[in-house]
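Engineer: Mind folding the following:
(one chain, ligands or ions: 2)
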Amino acid sequence: MSSPAGGAELNRPGGLRGERHVAHGSRGASPIRLVALVGNPNSGKTTLFNALTGLRQRVGNYPGVTVERKEGRLRLGGGPEVTLLDLPGTYSLIPGSPDEQITTDILLGTADHTPLPDAVICVVDANHLERNLYLVSQIIDHRIPTVVALNMIDIAERSGIRIDVRSLARELGVPVLPTVASKSEGIEELTSAVAALPAANSPGNGWRLPAPVERETDELAGILEEALHISPPNARHEAMKLLTTESALLERMDRFAPEVIAHVKRDQDKLDFLGFDRHSVFVESRYDWIKSVCMQSVARKSSQERSLSDRIDAVITHRVWGVVIFLAMMALVFQAMFSWAQLPMDLIKQGFDWLGTRVAVAMPPGDLRDLIIHGGIAGVAAVVTFLPQILFLFFFLGLLEDTGYMARAAFIMGRVMSKVGLHGKSFIPLLGSFACAIPGIMATRTIGNPRDRLATMLVAPLVSCSARLPVYALMIAAVIPPLTIFGFISLPGVTMLSMYLLGLGMALFMAWIFKKTLLRGGPPSFIIELPPYTMPSLRSTLTLMWERAWLFLKRAGTIILGASILLWFLASYPKLDGGTPADRLNHSFVGFAGRMIEPAIRPLGFDWKIGIGLITSLIQREVFVSTMGTIYDVGSGEGEHGGLAERLRSSRDPLTGANSFTPLTGICIMVYYVLAMQCFSTVAVMRRETNGWKWPLFQVAYMTALAYGVTFIVFRAGTAMGIGGG
Ligand code: GDP
Ligand code: MG
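Structural biologist: Numbering: from 1, shown residues only. Ligands and ions are numbered 1, 2, ... in the order given. Predicted coordinates for the structure are as follows:
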């Protein structure tokens, strides 16, 4: 993963493609097909992308890594449609993370998944011009035709920053167009400027190195160009990297010819001898130039008073008030997911029930009818009922992100989350997982560091989701006596709370373990940039909701539907004519499998009936309840578990007459459900998000082991204490 950009250059003649632009004098011969959107993180890239492409976008992943790839279609000033690619944000073309590596590879033309873009729109935050121009100057060095979108000009103007756009364009040697991406201002001018781009940037009179350094760099670049068959700009980039650090050369030792290695070393020594600090001379020369550009083009109105954002931040990141506001915000999100989402979820459920009844009435009884009702419709319903929660979660996430509050929330939670080695941003996905692990896992996309993101995804399903609630409710009704302790603490309530705490505690504990072992890395960075507050844009929030909902339907939908149909088949065949529904289920493959796994789950205090429930609830945990209803022959327990709970409590082992469903059994089932994966949909989403089977399988394995181990201990301890009854 850390293969340096230069390494790829050696293997691929990609650099030659860069040459095309240098060779051609005018655009005519090579029309623009691919335009890349680049810029520092938080410069407004995604907002601009949405403004440019509307909903015509596709989201995927780059091959082999969990970095999101977004592309859309864009019409260039009345001309043809071109592809617009939103590259991961980066501060420079010296990559430090997989995201930045991808951006660098693509802009150097050395990525095998994506060709060198024909043009680049570099998004620049007008409020941090110096820092942003660093990347611009590197891109200009590569002579890719570039337009600068001077974004967030509205905020800059409000805080008294005046930028002379024409002077800036002249100094940089590329077109500069002011934009306000969040209000779609300046979009047409921007696309016209892209359409009018020449096929290559002239070398320009950009930045200068001190003369001796320039000489050595030039000479080395010439040698590299010949030896590695790369384009002049790529050769220069490579030369600067080799002269800056020793490690760059070490990484390439086995790929460079001895005389090239010798030459690099000689040049390094020469520069050292001349008294240049090689580690900083390249960066500083560039910054010197940037400073002079800014000096000519930027005027700052001196304002003594603190900006509005600063004043708001004094409250929102306050040690006490900040936490209070944060908790209130999270309570709101929680409320939305659990209460407000309930009505649409019920409606959807009723809708599907109604549909099932209609089908039942309209079709003659038989396999096909059963398949459609219990396989197809039930499968689609299982997917679609999640939608309201997903839409609500991402609606709020979008708003919070857009206003700039999310960065503050990450800052506030940073102190707590860092105790388990996670980034403050991991908090939101874990919170979302209380509704459902799927939106939780999808929300990890905002976590920049891939190790932190993976750790968060791995533990998110341990947080008790809403599908576990019916299981807990049934078990508590069955085995926990409705006692009140100290006059006000209800035992069932405490039990429920304990399950939620067990899940959350385990999630944090496992995150801590993963960060100490498998996903070891430096402590997460706590430099969280606080972007200025902005008015949220409904449009970008709705786009986000739509995008995530669609992703979810596509990703989870197909797999869940397939699994649901498969499970229906396994629960219906081999067929038994006559008998009760319980008899038919017992006679099926699922019934057989339940008895097969009984020896394995005996040590947990589970019998084969529970085994059947474990299998059927793989589709969605709450199916456990209806399966128990079928097995114990009590309807499907429409909403209240009274009858079923009573049946479970009083069930006797036919041989010994001992109670076969003791309080301990109920507790063990709950503990198992807290910790076990038991969810196809989550596995499916993990596979998509991590681009492979490795992590989802690992996740299933570790969670199963954890669930088994802990339940076993609880069962043994409980038996020893005599809670197990017979
Ligand atoms: P990215 O990290 O570069 O993709 O940045 P985003 O597109 O996510 O934008 C970061 C924040 O800046 C979001 O809250 C946007 O709504 C906001 N934003 C983007 N462009 C502008 C702009 O031109 N003016 C203002 N006021 N806000 C903007
Ligand atoms: Mg973005």
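Engineer: What distance do you get for the residue nearest to residue 598 when sequence neighbours are not counted to residue 585?
Structural biologist: Among residues not flanking residue 598 along the chain, residue 608 sits closest, at 4.3 Å (C-beta to C-beta, 6 or more residues apart in numbering). Heads up, the C-betas are built off the backbone N, CA and C, glycines and all. Per C-beta to C-beta, to the nearest Å, residue 608 is found 11 Å from residue 585.
Engineer: what is in contact with those two at once?
Structural biologist: Common neighbours of residue 608 and residue 585 (criterion: C-beta atoms under 8 Å, 6 or more residues apart in numbering): residue 591.
Engineer: For the closest residue to ligand 1 within the stretch 301-450 of the chain, give its distance to residue 545.
Structural biologist: Closest approach between the stretch 301-450 of the chain and ligand 1, counting by C-beta to the nearest ligand atom: residue 402, at 4.2 Å. Per C-beta to C-beta, residue 402 is found 12 Å from residue 545.
Engineer: just to revisit the earlier point, what strand or helix carries the residue of the stretch 301-450 of the chain closest to ligand 1?
Structural biologist: Taking DSSP states H and E as the definition, residue 402 sits inside helix 387-403.
Engineer: Give the other helices and strands that that helix contacts.
Structural biologist: On a contact count with 3 or more C-beta pairs under 8 Å, 6 or more residues apart in numbering; DSSP states H and E, helix 387-403 meets helix 321-335, helix 342-362, helix 405-417, helix 427-432, helix 437-442, helix 538-572.
Engineer: For the longest one, name the packing helices and strands.
Structural biologist: What that stands for is helix 538-572. Where contact means 3+ C-beta pairs under 8 Å, 6+ apart, helix 538-572 is packed against helix 45-53, strand 57-61, helix 367-370, helix 378-384, helix 387-403, helix 437-442, helix 589-596, helix 680-690.
Engineer: If you average pLDDT over each of those, which is lowest?
Structural biologist: When those are compared by mean pLDDT, strand 57-61 comes last with a mean of 73.
Engineer: ok, the helix or strand following that strand: who's next to it in the sheet?
Structural biologist: As assigned by DSSP H and E, the chain's next helix or strand after strand 57-61 is strand 68-75. Sheet pairing of strand 68-75 (DSSP bridges) gives strand 57-61 (antiparallel), strand 81-86 (antiparallel).
Engineer: Any idea which of those strands gets closest to ligand 2?
Structural biologist: strand 81-86 (6.8 Å; C-beta to the ion).
Engineer: Surely residue 98 and residue 450 touch.
Structural biologist: Yes: judged on C-beta atoms under 8 Å, residue 98 makes contact with residue 450 at a distance of 5.7 Å.
Engineer: who touches the residue of the chain at minimum distance from ligand 2 in this structure?
Structural biologist: Proximity of the chain to ligand 2 (C-beta to the ion) peaks at residue 46, 3.3 Å away. Residues near residue 46 by C-beta under 8 Å, 6+ apart: 70, 86, 540.
Engineer: Surely the first one is in contact with residue 57?
Structural biologist: Yes: taking contacts as C-beta under 8 Å, residue 70 lies within contact range of residue 57: 6.0 Å.
Engineer: which residues are common contacts for the two?
Structural biologist: By C-beta under 8 Å, 6+ apart, residue 70 and residue 57 have these common neighbours: residue 49.
Engineer: What does the pLDDT read for residue 180?
Structural biologist: Looking at residue 180, its pLDDT stands at 94.
Engineer: oh sorry, the question was meant for residue 108
Structural biologist: We have a pLDDT of 90 for residue 108.
Engineer: Spatially nearest residue to the residue nearest in space to the middle of the chain (excluding sequence neighbours)?
Structural biologist: By C-alpha atoms, centre = their mean, the chain has its centre lying nearest to residue 445, at 2.0 Å. With sequence-adjacent residues excluded and distances taken as C-beta to C-beta, 6+ apart, residue 445 is closest to residue 68, at 6.2 Å.
Engineer: List the residues that contact the one you found.
Structural biologist: 59-62, 88, 445 are the contacts of residue 68 under C-beta under 8 Å, 6+ apart.
Engineer: Just the buried residues of the residues you listed.
Structural biologist: In these, burial by neighbour count holds for 59, 62, 88, 445, counting by 16 or more other C-beta atoms under 10 Å.
Engineer: ok, now which ones touch the second one?
Structural biologist: What it means is residue 62. Residue 62 neighbours (C-beta under 8 Å, 6+ apart): 68-69, 102, 113.
Engineer: excluding its backbone neighbours, what's nearest residue 71?
Structural biologist: Nearest to residue 71 is residue 85, by C-beta to C-beta, 6+ apart, at 4.8 Å.
Engineer: Just the buried residues of stretch 50-61, please?
Structural biologist: Here stretch 50-61 shows 50-53, 57, 59 as buried, counting by 16+ other C-beta under 10 Å.
Engineer: and it, how far from the chain's centre?
Structural biologist: 17 Å (C-alpha atoms, centre = their mean, to the nearest Å).
Engineer: repeat for stretch 281-289
Structural biologist: Distance, centroid of stretch 281-289 to centroid of chain: 35 Å (C-alpha atoms, centre = their mean).
Engineer: swap in stretch 253-269?
Structural biologist: Its chain's C-alpha centre lies 41 Å from the corresponding centre of stretch 253-269 when counted by C-alpha atoms, centre = their mean.
Engineer: mind exporting it as PDB, just the C-alpha atoms?
Structural biologist: Taking C-alpha atoms only, stretch 253-269 is exported to PDB below (Å, rounded to 0.1, in the frame of the first residue of the first chain):
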ATOM      1  CA  MET A 253      17.500   0.600  -4.600                       C
ATOM      2  CA  ASP A 254      16.500  -2.700  -6.200                       C
ATOM      3  CA  ARG A 255      15.000  -1.000  -9.200                       C
ATOM      4  CA  PHE A 256      17.600   1.500 -10.100                       C
ATOM      5  CA  ALA A 257      20.700   0.800 -12.200                       C
ATOM      6  CA  PRO A 258      23.900   1.200 -10.100                       C
ATOM      7  CA  GLU A 259      25.000   4.300 -12.000                       C
ATOM      8  CA  VAL A 260      21.700   6.000 -11.300                       C
ATOM      9  CA  ILE A 261      22.000   5.200  -7.600                       C
ATOM     10  CA  ALA A 262      25.600   6.500  -7.700                       C
ATOM     11  CA  HIS A 263      24.500   9.700  -9.400                       C
ATOM     12  CA  VAL A 264      21.700  10.400  -6.900                       C
ATOM     13  CA  LYS A 265      24.100   9.900  -4.000                       C
ATOM     14  CA  ARG A 266      26.700  12.200  -5.600                       C
ATOM     15  CA  ASP A 267      24.000  14.900  -6.100                       C
ATOM     16  CA  GLN A 268      22.800  14.600  -2.500                       C
ATOM     17  CA  ASP A 269      26.400  15.000  -1.300                       C
END
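Engineer: Just the residues contacting it, thanks.
Structural biologist: By C-beta under 8 Å, 6+ apart, stretch 253-269 touches 7, 10, 216, 219-220, 223-224, 227, 242-243, 246, 249, 278.
Engineer: Do a quick rundown of the strands in the stretch 1-150 of the chain.
Structural biologist: Ranges of strands within the stretch 1-150 of the chain are 34-39, 57-61, 68-75, 81-86, 119-125, 146-151, based on DSSP state E, counting those that start in this stretch.
Engineer: Between the ones you listed, which one is closest to residue 572.
Structural biologist: strand 57-61 (37.0 Å; C-beta to C-beta).
Engineer: Now tell me what touches the closest one from outside.
Structural biologist: 49-50, 67-73, 547, 551, 688, 691.
Engineer: what's the first-to-last distance across stretch 648-656?
Structural biologist: 16 Å (C-alpha to C-alpha, to the nearest Å).
Engineer: Please apply the same query to stretch 398-410.
Structural biologist: Start-to-end, stretch 398-410 (C-alpha to C-alpha) is 15 Å.
Engineer: coming back round to it: against ligand 1, how distant is the residue nearest to residue 598?
Structural biologist: 52 Å (C-beta to the nearest ligand atom, to the nearest Å).
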